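Chemist: pasting the structure only:
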């Protein structure tokens, strides 16, 4: 049975973020069900992405900057032959192109070509800020703005299952890497386009999603807790 002290000494809580929840939705839920006063997360996940979200509370929030810098591992899927403005399925398909000329060998070689250090420009549909305003707000207004690129590192990127035009993959990357932009750029290299269809964060630094709490289990744990002025709490979950 875990003993949690969210407010006095703080906790590092691993949560498996559900589909269609924003990272802030998860933080807000944890804050409300456990009556946490100070809380934050170490690395945003898009609403349609699932998987590991590292949440820090109390004094442990001072570690967020360190944790954000950890490498991350993802699994997911993409589809060749289509492109969207957001590089995933959050926005409608804008263009369809033939993927018939793409062989599995060419696909795997293209994935390998991303391994190493490179520069990446944040997508317009992202929370990255320009002039103090999130890029997605410009994008929703139909505007495109200049945004600075950033250095990223991809030590591992492989196709784990190929069923053309659908591909499943595994990718390990540095902080600040937009996986959907990697997929988009891969599609451009293959000259057919590609769009992210699914994404799951499997690992952040030393932590695995296999050890994470689901929202449902957290709610059950909260119901079993006896809160006493923010001191250590023992659960039966």
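Modeler: On my side now, so go ahead. Predicted model only: the values in this text are computed from it and were never measured. Numbers count the residues shown, from 1 in each chain.
Chemist: Now for residue 66: which residues touch it?
Modeler: By C-beta atoms under 8 Å, 6 or more residues apart in numbering, the contact list for residue 66 is empty. Any C-beta I mention is one placed from the backbone N, CA and C, and that applies to glycine too.
Chemist: Check which residues of the host helix or strand of it are buried.
Modeler: Element membership for residue 66, per DSSP states H and E: helix 64-68. Neighbour-count burial for helix 64-68, counted by 16 or more other C-beta atoms under 10 Å, picks out 64, 67, 68.
Chemist: same thing with stretch 203-211?
Modeler: Buried residues in stretch 203-211, counted by 16+ other C-beta under 10 Å: 203, 204, 205, 207, 209.
Chemist: Can you verify my assumption that residue 94 contacts residue 84?
Modeler: Yes - applying C-beta atoms under 8 Å as the test, residue 94 and residue 84 come out as touching, 5.8 Å apart.
Chemist: Which one of these two is surrounded by more residues?
Modeler: Remark: of residue 94 and residue 84, residue 84 carries more neighbours, 19 against 12, as counted by other C-beta atoms under 10 Å.
Chemist: Need phi/psi at that one.
Modeler: Here is the backbone geometry of residue 84 (degrees, to the nearest 10): phi -130, psi 160.
Chemist: show me what contacts it?
Modeler: Applying C-beta under 8 Å, 6+ apart, the residues near residue 84 are 90, 91, 92, 93, 94, 195.
Chemist: Could you do residue 146 as well?
Modeler: Per C-beta under 8 Å, 6+ apart, neighbours of residue 146: residue 130.
Chemist: Tell me how far it lies from residue 138.
Modeler: 11 Å (C-beta to C-beta, to the nearest Å).
Chemist: residues shared between the contacts of those two?
Modeler: Counting by C-beta under 8 Å, 6+ apart, the shared contacts of residue 146 and residue 138 are residue 130.
Chemist: packing partners for whichever strand or helix holds residue 56?
Modeler: Per DSSP H and E, residue 56 falls inside strand 50-57. Applying 3 or more C-beta pairs under 8 Å, 6 or more residues apart in numbering; DSSP states H and E, we find strand 50-57 packed against strand 12-17, helix 23-34, strand 39-41, helix 64-68, strand 194-204, strand 207-208.
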